[in-house]
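Participant: What follows is a predicted protein model with its sequence.
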Amino acid sequence: MIFDYETLKFIWWLLIGVLLIGFAITDGMDMGVAILLRLVGKTDIERRTVINTIGAHWDGNQVWFITAGGALFAAWPMVYAAAFSGFYFAMMLVLFALFLRPLAFDYRSKLESAKWRDNWDWALLVGSIVPALVFGVAFGNVLQGVPFNIDNFMRITYQGSFFGLLNPFALVAGVISVAMLVGHAGMWLQLRTDAEVAQRSAQFGRYALILFIILFAAAGFWVANMDGYQVVSMSDTQSYANPLAKVVTTSSGAWLDNYSKMPLTMIFPALAFVMATMAVIFSVINKPALGLASTSLMLVGVIMTAGTAMFPFVMPSSNNPNISLTMWDAVSSHMTLNVMFIAAIIFVPIILIYTTWCYVKMWRKVTKDEIENNTHGSY
């Protein structure tokens, strides 16, 4: 074995965080662009300009989503089982929404019909805003605890409902998710387009970032007064993973305990707020490249803020806190984590390299003149 069991558990907690960050920065940007499509593109040529800024990358960016899902299944199978049983209808909604995106990208410009193209524009909007919203709603519910039980045979039973997921805090988390991705996309479009499209993109991107700052701060105060989870005792983290062998309590504001124990981690929420603010400033002074870098770091800050607050919990149970799933006891075997780690250190850098190569080789501003002169070769 390369590492002991405890170390591998922590490494996979970090690796799944890295995959989620990669997904948010790349495919999250695609979703934000599609959400902005009808707002920043007033004519068909302008909308095609917007679509072609991500035309070369959207399918490759989805690799991060697929990889993160596969890693979740392999590293934390009980979390995967609990999530896909508890959030089944929400996940199906996301899945069917995602079906619309490749169809819309590929079929939108096949016919020179205004109604045809308008319908596919709506499909792109639905296929992007629904996943962005649902992912945020799902995380908002995880912070509050998910109503599931585990019996002595390790069978997971979810006891909630789809509409129960749509509670006020979860909806706020969903809007935060949409706002941060739209803000990120606004900086991308300001950088990759010109003229009126770039101006509108910058404007809506700034609006989204300001909304994000306000709601992220409000959610922070909400979490500070919400019941969080604390591990009182648990079995040896080097031993066989058993989510039934621990004691967990809940108390108001417990989600902030890790920040008290490790003050240096306050850098993560600070990073989210500061980078969102800097992105707005860079957008105003027309420095969109710095704005895009800022929103990318903002996404890192948001995901690390959430991960630090919940550590070591992955999916707490509101029915019985003692059976909450953590990164220590909801994982695969030592051998599985070890084999997966070897695969990860080979393939994650490959994904990073070819993704970076694609962006470098295809980097340019997409203009209306380019689309007009290449009507059959563009989306």
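Facilitator: Nice, I can see it. Keep in mind that this is a model prediction, so the values were computed, not measured.

Participant: hey, let's count contacts and neighbours off CA atoms from now on
Facilitator: Will do.

Participant: Could I get the full set of helices for the chain?
Facilitator: All helices of the chain, identified by DSSP state H, fall at 5-25, 27-40, 44-54, 58-75, 77-86, 88-107, 114-144, 168-192, 195-224, 257-261, 267-284, 288-310, 334-361, 368-373.

Participant: So for residue 250, what's the pLDDT?
Facilitator: According to the prediction, residue 250 has pLDDT 92.

Participant: wait, I meant residue 376
Facilitator: 68.

Participant: What of residue 120?
Facilitator: 94.

Participant: That one contacts residue 108, doesn't it?
Facilitator: Yes: the criterion here is C-alpha atoms under 8 Å, and residue 120 meets it with residue 108 at 5.5 Å.

Participant: Residues touching stretch 80-95, excluding its own?
Facilitator: With contact meaning C-alpha atoms under 8 Å, 6 or more residues apart in numbering, stretch 80-95 is reached by 72-73, 127, 130-131, 134, 138, 146, 148, 156-162.

Participant: hmm, which of those residues are the buried ones?
Facilitator: 72, 73, 127, 130, 131, 134, 138, 146, 148, 156, 158 (16 or more other C-alpha atoms under 10 Å).

Participant: now, among those residues, which is nearest to residue 47?
Facilitator: residue 127 (16.2 Å; C-alpha to C-alpha).

Participant: where's that closest one relative to residue 110, distance?
Facilitator: 19 Å (C-alpha to C-alpha, to the nearest Å).

Participant: Check residue 317 too.
Facilitator: Where residue 110 is concerned, residue 317 sits at a distance of 49 Å (C-alpha to C-alpha).

Participant: quick one, which of the two is more surrounded?
Facilitator: Neighbours were counted for residue 317 and for residue 110 using other C-alpha atoms under 10 Å; residue 317 has more, 24 against 12.

Participant: So the more buried one is in contact with residue 143, correct?
Facilitator: No: at 9.8 Å, residue 317 does not count as touching residue 143 under the criterion of C-alpha under 8 Å.

Participant: burial measure for residue 195, as a count.
Facilitator: 10.

Participant: List the contacts of the closest residue to residue 231 other than its chain neighbours.
Facilitator: The shortest distance from residue 231 to any non-neighbouring residue, by C-alpha to C-alpha, 6 or more residues apart in numbering, is to residue 248 (4.5 Å). Residues in contact with residue 248 (C-alpha under 8 Å, 6+ apart) are 229, 230, 231, 232, 233, 321, 322, 324.

Participant: go with 10 Å
Facilitator: Applying C-alpha atoms under 10 Å, 6 or more residues apart in numbering to residue 248 gives the contacts 229-234, 316-317, 320-324.

Participant: now residue 249
Facilitator: Residues near residue 249 by C-alpha under 10 Å, 6+ apart: 227, 228, 229, 230, 231, 232, 233, 320, 321, 322.

Participant: Going through these, which ones are buried?
Facilitator: 227, 228, 229, 230, 231, 320, 321, 322.

Participant: will you turn the residues you listed into CSV that also has distance to residue 369?
Facilitator: Below are the buried ones among the contacts of residue 249 laid out as CSV (distance: C-alpha to C-alpha, whole Å):
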residue, distance to residue 369
227, 56
228, 54
229, 56
230, 58
231, 60
320, 61
321, 59
322, 62
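
Participant: and of the residues you listed, the nearest to residue 278?
Facilitator: residue 228 (31.2 Å).

Participant: That closest one contacts residue 311, correct?
Facilitator: No: using C-alpha atoms under 10 Å, residue 228 is not in contact with residue 311, being 11.2 Å away.

Participant: which residues do those two both contact?
Facilitator: 255, 257.

Participant: Neighbours of residue 143, how many?
Facilitator: 25.

Participant: Tell me the pLDDT of it.
Facilitator: Reported pLDDT for residue 143: 94.

Participant: Return the residues in contact with it.
Facilitator: By C-alpha under 10 Å, 6+ apart, the neighbours of residue 143 are 169-170, 223, 226-229, 255, 306, 309-310, 313-318.

Participant: tell me which of the contacts of stretch 80-95 is nearest to residue 371?
Facilitator: Closest to residue 371, out of all of the contacts of stretch 80-95 and judged by C-alpha to C-alpha, is residue 127, at 23.8 Å.

Participant: list the contacts for that closest one?
Facilitator: 31, 34-35, 93-104, 121.

Participant: quick one: average pLDDT of stretch 254-265?
Facilitator: 93.

Participant: same thing with stretch 2-15?
Facilitator: pLDDT averaged over stretch 2-15 gives 89.

Participant: So what does the closest residue to residue 241 other than its chain neighbours look like in phi/psi?
Facilitator: In this structure, residue 241 finds its nearest non-sequential neighbour in residue 329, 4.2 Å apart by C-alpha to C-alpha, 6+ apart. Dihedral pair for residue 329: phi -130, psi 10, per degrees, to the nearest 10.

Participant: so residue 329 sits right up against residue 231, yeah?
Facilitator: No: contact between residue 329 and residue 231 fails when scored by C-alpha under 10 Å: they sit 12.0 Å apart.

Participant: which residues are common contacts for those two?
Facilitator: Contacts common to residue 329 and residue 231, judged by C-alpha under 10 Å, 6+ apart, are 246, 312, 313.

Participant: which residues are common contacts for residue 317 and residue 143?
Facilitator: With C-alpha under 10 Å, 6+ apart, residue 317 and residue 143 have common neighbours residue 229.

Participant: Just the terminal-to-terminal distance for stretch 278-289.
Facilitator: Termini of stretch 278-289 sit 12 Å apart (C-alpha to C-alpha).

Participant: so how far is it from its chain's centroid?
Facilitator: 23 Å (C-alpha atoms, centre = their mean, to the nearest Å).

Participant: Quick check: buried residues in it?
Facilitator: Buried-residue list, stretch 278-289, by 16+ other C-alpha under 10 Å: 278, 279, 280, 281, 282, 283, 286, 287, 288, 289.

Participant: What of stretch 135-151?
Facilitator: So, applying 16+ other C-alpha under 10 Å, buried residues of stretch 135-151: 135-150.
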